[in-house]
Structures are given as structure tokens and as C-alpha cells.
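Participant: Just a sequence and a predicted model for now, questions to come.
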Amino acid sequence: MNLREKYRPSSLDDLAGCEEFLAAARGWDIDTCPANILLVGPPGVGKTSAALALLRSLQGEFFDPMNYNVTNASDDRGIDYVRDLKRIARQKGMGVSRRGEVLDEFENFTSPAQKALRQILEESHRTTVFILIANDIGPIHSAIRDRCVTYHFKPLSDSDTSVIDRLGSIIDAEGMPSVWKEHLPALVRTSAGSMRKAIDTLDSLPKEAGAMMEFLRRDTNNLNRAALSIMGSDFPTVTARLTQALESGQSRFGVLQGLRYRVKPLMESEDDWHAFMLTYGEFALLAHSWPDDDVAYVEYFIAKLKKNMEDRK
């Protein structure tokens, strides 16, 4: 079992970040919980774990697959599935008054399926708690949003003690070098605030004292070289360095964010900075929805950046 699954939060108290959601969830029971909940945020910040932890809290000893279901909307996203869901949502739980239905990656639900789901959300509030999970709220119809209580999950912060403590406890439990704890804030930044990515990185490193620093130094070097190459208009080198950063395990958004931190103090021209941010903003939004591979993502980013910088001259 990988560490991500081994240390997946099983209760509300195990969750890191998502303070707004936790503040509300701790006050709910099976009867007072909102019927329809929408959790929105980038991958790896704990949305699915939060949904399951909430259902475990609500259903207690009756938390069992017979009382909840998790569906990935990338696989089952059409009108036929929603017809089945209508029948399922009418059924009461075993030992509890309400079942749980978790629809992950809900932004991939087709438009007809979303329209059909609206009535189900209204009619099943006595028998089912629906938890919709999405990386991007844009494709979700306003009629669905209006029927849900929405919580936005942000990338985890390197200054959040619950995040650092969670990672530190994994280091202790797995017998990893304690010196790694000193670098946890940098690891969270490199992981773009994704707990999933941070834990995967811990899992991948050899249990040697210098392994964490070597990993962080390697990624820092790639981004430093990329930033300097932008200033010299050496775009082939920028492409190569960003690709290497992604191949080392960093997320797309983490790479862009790290590049932004390094480029800003180097730019003397306000026009160049505006051109960079114009490109950065577009690709930050695309980071979680880009349909092709990382190489194509980087090449398109560089092509757009080059064009925007040249157009401002």
C-alpha cells in the first residue's frame, strides 16, 4: 500500500486545511446535514477525503458501502447513470435515515445529466446526502450550484501548522530522517499545496538524510535556470527546464507558481511583467483541465509567452 492510501484521513479531525468546511461539518448530524454539498478545489487538497470523512462522521457505526457510494463522473456521467441514481436516491439507508452519494469529478457530467439531476437533488433530501466534487466550478450549471451548499478548498498553505504536523507525523511513523521536517514548508510549496503530491514525494525518496534537500535543490535549479532563460529570450532552454521540473514530480501549477516567484524580481520592464502575468493567469486556470500531456502544456505556455512578450515590444 502506498503512503497516500495508508494515511488517507478517516475522520474530520484528520483533515488538514479546509477550515470553513470543517467549522460547518463538525456541527452537523445525519438529520441536520445539508442535502446537497458541493466541494470545489484543485486536485490533491482533500476534497474526496473530506467527503468520506463527513459521511463516516454522520453515519457512525453504520458507515458501510451499503450506505454510501462513490462514483467518478469521468466514467459514469451520462443520462443513463442519472436514471439509475434516481432509483438509488429514493432508498433509505440501513440503520441510518440517509444514504451518501459522492459524485467525484462532477464537472465532467454531461449537460443532459446535470439537468436530470436537478430534480433528484430536490426530491431526495430526506433519504440521501449528495456530495458533488469538482476541480472546476465553471462547467457546473447554475441550477445545480443553487441547490448546493458550496465549499471552496484552496491549495494547502506552507504556514498551516495542521499541514506541517500531518506530514511530520508521517515522517515519524515511517522512520524517515527527522531532518526532513525542516524542509516541509518548502515541500508544500513545491507540491503547489497538494497534500497528495507531498505525500507521494515522501514515499518516493530514499530514506537518507540529504534526499529531501537534493530533491528540492534539483527542482529549484530547474526553475532558476528557466527564469534566467526567459530574461535572455532563450525559450528552448525555458521549455527544457520546465519539462524537467515536471518530470521530477512537480505539478503544473506548482511549476508555474515557482517560475512566477523567480521571474518577478528579474524583470525591470513593467510591460514584460504584464505579458508574463497575462500568460501565467491563462495557464494557471488550464493547469488542472489541460487535456494533453505535460510536454504539450509547456510548449503551448512558452509559445504564448513568447508571443505576448513580443507583442508588447
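Facilitator: Received it, and whenever you're ready, just let me know what you need.

Participant: Tell me how far the closest residue in space to residue 288 that isn't next to it in sequence lies from residue 189.
Facilitator: In space, and not counting its chain neighbours, residue 288 is closest to residue 135: 4.8 Å by C-beta to C-beta, 6 or more residues apart in numbering. The C-beta positions use only the backbone N, C-alpha and C, and glycine is treated the same way. Using C-beta to C-beta, to the nearest Å, residue 135 is found at 20 Å from residue 189.

Participant: which one of those two has more residues nearby?
Facilitator: residue 135 (22 against 19; other C-beta atoms under 10 Å).

Participant: Now do the contacts for that one.
Facilitator: 40, 41, 42, 43, 105, 107, 288, 289 (C-beta atoms under 8 Å, 6 or more residues apart in numbering).

Participant: Where helices are concerned, which of those count?
Facilitator: Using DSSP state H, no member of the contacts of residue 135 sits in helices.

Participant: Just the buried residues of these.
Facilitator: 40, 41, 42, 43, 105, 107, 288 (16 or more other C-beta atoms under 10 Å).

Participant: The fifth one contacts residue 72, doesn't it?
Facilitator: Yes - counting by C-beta atoms under 8 Å, residue 105 does reach residue 72; the two are 5.7 Å apart.

Participant: how near is residue 310 to residue 271?
Facilitator: Taken as C-beta to C-beta, the span from residue 310 to residue 271 is 11 Å.

Participant: Please disregard the earlier target; I meant residue 187.
Facilitator: 35 Å.

Participant: the more surrounded of the two?
Facilitator: Using other C-beta under 10 Å, the more surrounded residue of residue 187 and residue 271 is residue 187, with 22 against 13.

Participant: and the spatially closest residue to the more buried one that is not a sequence neighbour, what does it touch?
Facilitator: Using C-beta to C-beta, 6+ apart and skipping residues adjacent in sequence, the residue nearest residue 187 is residue 198, 5.4 Å away. Remark: with contacts taken as C-beta under 8 Å, 6+ apart, residue 198 is in contact with 167, 187, 188, 191.

Participant: which secondary structure element contains residue 102?
Facilitator: Assigned by DSSP states H and E, residue 102 belongs to strand 99-104.

Participant: and that strand, C-alpha only, in PDB?
Facilitator: Provided in PDB are the C-alpha atoms of strand 99-104 (Å, rounded to 0.1, in the frame of the first residue of the first chain):
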ATOM      1  CA  ARG A  99     -27.500   7.400   2.400                       C
ATOM      2  CA  GLY A 100     -24.500   9.200   1.000                       C
ATOM      3  CA  GLU A 101     -23.800   9.700  -2.800                       C
ATOM      4  CA  VAL A 102     -20.400  11.100  -3.700                       C
ATOM      5  CA  LEU A 103     -20.100  12.200  -7.300                       C
ATOM      6  CA  ASP A 104     -16.400  12.800  -8.000                       C
END
